[in-house]
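Peer 1: Got a predicted structure here, sequence first:
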Amino acid sequence: MPDVVVVGAGVVGAACAYYAARTGLDVVVVDRGAVAGGTTGAGEGNVLVSDKGPGPELDLALLSNRLWRDLAADGPDSGPDSGPDGGFEFEAKGGLVVAETDEVLEALTGLAGEQGVECVAVAAGELGDYEPHLAKGFAGGVFYPHDAQVQPMLAAARLIRRGAERFGHGTLMLRTGVTVTGFLRDGGRVTGVTTSCGDILAGAVVNAAGTWGGEIAALAGVRVPILPRRGFILVTEPLAGPLIRHKVYTAGYVTAVASDSEGLETSAVVESTPSGPVLIGASRERVGFDRTISVPVLERLARQAVELFPALAAYRVIRAYCGFRPYCPDHLPVIGEDPRVPGLYHACGHEGAGIGLAPATGHLIARLLAGLDPGLDLAPFRPDRFPQEAP
């Protein structure tokens, strides 16, 4: 009987399992698919502080940023996880946010001042020092040195592997191809899960099911309003040499992240990868779980990327894919024990920030499971902050 069952083997579930095992708990991770088979596998790997306004999500992002750097520096001396990137292509590349007009630049620099995080205002004439191939005509920008990048599928796999191999005082077991169908209870308390492969008794259950977190919550009889928000990513052919030095995006991306619109929104986000291809995003729209490839959306993303880096016009897009961000109405994740169902913990609803916020979420959940002070006010993320019935 494990201490904890974690439902979901994406990067958030992997982080919860890793930190729980490190705390000394015995953990079983279950997923109906493969590791990183859902939203994590369709992500860009953003580890951002630049796109968050002052408040609880920024506090969570700053904690997570530090933890990602610790994880990258904590790889073993040899083997597949060795190297300065932690085995998951951690790149402390920094992020450059650019503004098209003076008015947008004023708003952008105003936000930077309110955030209270390390950043550098970049005048129009200095943008080329950061990105020599950036298009001309931008009014200026802000550079955030703490923005970073990981390869999300590698990150999820490495965290599960590390949790399984490193901690003799806590164990981690992974079971894929296992669908959770319900919860076991003793009185009102959750004591495990029922699955397609039998019951698993446990001291606690963590709902880290990402976009499907609302469905898992519903099995326990509670409402957590998580909805899918579709996004597309373009991948170019490998570039012969470095064209883009940092993560680069327009100020419109910050607005799109905070938007409540169900309709299509796109904003240019462009970055290189260690293996050569360039990743191009980002689009947002609420269309349920429709995976239909939208050529007009892909065309818009490609056009916006070329407007940002004209040299990209010389390269081909070799593939495109979509994923579903787990969207919550107030744009904050759901983190903590559910007071309506003791023994059930939630770690979901991160929207497009799940990869960046995964270590902090896992760290906080593990401390709660171990009966320790989380060290961060979790009230803004409480699971019962939404009406029990849908409005």
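Peer 2: Alright, I've got the coordinates. Numbers count the residues shown, from 1 in each chain.
Peer 1: Buried residues, stretch 157-168. List them.
Peer 2: Going by neighbour count (16 or more other C-beta atoms under 10 Å), the buried part of stretch 157-168 is 157, 158, 159, 160, 161, 162, 163, 164, 167. Where C-beta positions appear, they are placed from N, C-alpha and C, glycine not excepted.
Peer 1: So which of those belong to helices?
Peer 2: 157, 158, 159, 160, 161, 162, 163, 164 (DSSP state H).
Peer 1: Tell me which two of the buried residues of stretch 157-168 sit farthest apart.
Peer 2: Greatest spacing in these, by C-beta to C-beta: 157 and 167 (17.0 Å).
Peer 1: so where's this protein uncertain?
Peer 2: Within the chain, the segments meeting pLDDT under 70 span 75-84, 167-169, 256, 258-259, 390-391.
Peer 1: Turn the ones in helices among the buried residues of stretch 157-168 into TSV, including distance to residue 293.
Peer 2: Converted to TSV, those look like this (distance: C-beta to C-beta, whole Å):
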residue	distance to residue 293
157	27
158	30
159	31
160	31
161	33
162	36
163	36
164	36
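Peer 1: Can you tell me which of the residues you listed is nearest residue 363?
Peer 2: residue 159 (11.6 Å).
Peer 1: Could you check how far stretch 8-28 is from the centre of its chain?
Peer 2: Mean-position distance between stretch 8-28 and its chain equals 16 Å (C-alpha atoms, centre = their mean, to the nearest Å).
Peer 1: Using CSV, write down the CA coordinates of it.
Peer 2: What follows is stretch 8-28, C-alpha atoms only, in CSV (Å, rounded to 0.1, in the frame of the first residue of the first chain):
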residue,chain,number,x,y,z
GLY,A,8,-1.3,11.6,-14.2
ALA,A,9,2.3,11.1,-15.6
GLY,A,10,2.7,14.5,-17.2
VAL,A,11,5.3,16.9,-15.9
VAL,A,12,3.2,18.1,-13.0
GLY,A,13,2.4,14.6,-11.8
ALA,A,14,6.0,13.6,-12.3
ALA,A,15,7.1,16.6,-10.1
CYS,A,16,4.6,15.7,-7.4
ALA,A,17,5.8,12.1,-7.4
TYR,A,18,9.5,13.1,-7.4
TYR,A,19,9.2,15.5,-4.5
ALA,A,20,6.9,13.2,-2.5
ALA,A,21,9.5,10.3,-2.9
ARG,A,22,12.2,12.7,-1.9
THR,A,23,10.2,13.6,1.2
GLY,A,24,10.2,9.8,2.1
LEU,A,25,6.8,8.8,0.9
ASP,A,26,6.1,5.7,-1.2
VAL,A,27,4.4,6.8,-4.4
VAL,A,28,2.6,5.1,-7.3
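Peer 1: about what we covered before: format the buried residues of stretch 157-168 as JSON lines; extra columns: distance to residue 227.
Peer 2: Below are the buried residues of stretch 157-168 laid out as JSON lines (distance: C-beta to C-beta, whole Å):
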{"residue": "157", "distance to residue 227": "27"}
{"residue": "158", "distance to residue 227": "30"}
{"residue": "159", "distance to residue 227": "26"}
{"residue": "160", "distance to residue 227": "27"}
{"residue": "161", "distance to residue 227": "32"}
{"residue": "162", "distance to residue 227": "32"}
{"residue": "163", "distance to residue 227": "30"}
{"residue": "164", "distance to residue 227": "33"}
{"residue": "167", "distance to residue 227": "36"}
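Peer 1: and of those residues, the nearest to residue 52?
Peer 2: residue 159 (22.7 Å).
Peer 1: can you give me the helices in the stretch 151-300 of the chain?
Peer 2: Secondary structure of the stretch 151-300 of the chain by DSSP state H, counting those that start in this stretch: the helices cover 152-166, 213-219, 252-258, 295-308.
Peer 1: May I have the phi/psi pair for the residue of the chain positioned farthest from its centre?
Peer 2: The C-alpha centroid of the chain is most remote from residue 187, which lies 34.9 Å away (C-alpha atoms, centre = their mean). Backbone torsions of residue 187, given as degrees, to the nearest 10, read phi 70, psi -130.
Peer 1: which parts of stretch 321-334 are buried?
Peer 2: Under the neighbour-count criterion of 16+ other C-beta under 10 Å, stretch 321-334 has 322, 323, 324, 325, 326, 327, 328, 331, 332, 333, 334 buried.
Peer 1: What about the residues you listed, which are in strands?
Peer 2: Under the assignment DSSP state E, these contribute 322, 323, 324, 325, 326, 327, 334 to strands.
Peer 1: for the closest residue to residue 149 other than its chain neighbours, what are its contacts?
Peer 2: Distances taken as C-beta to C-beta, 6 or more residues apart in numbering put residue 91 closest to residue 149, at 4.4 Å, once the chain neighbours are dropped. By C-beta atoms under 8 Å, 6 or more residues apart in numbering, the contact set of residue 91 is 85, 148, 149, 150, 274.
Peer 1: What's opposite the second one in the beta bridge?
Peer 2: Spelled out, that is residue 148. residue 47 (DSSP bridges).
Peer 1: Pretty sure it sits against residue 86.
Peer 2: No: Residue 148 lies out of contact with residue 86 (C-beta atoms under 8 Å); the separation is 11.1 Å.
Peer 1: Quickly list what residue 249 is bridged to.
Peer 2: Here residue 249 sits in beta bridges with residue 97, residue 269, going by DSSP bridges.
Peer 1: now it: how far from residue 120?
Peer 2: Remark: distance between residue 249 and residue 120 (C-beta to C-beta, to the nearest Å) = 16 Å.
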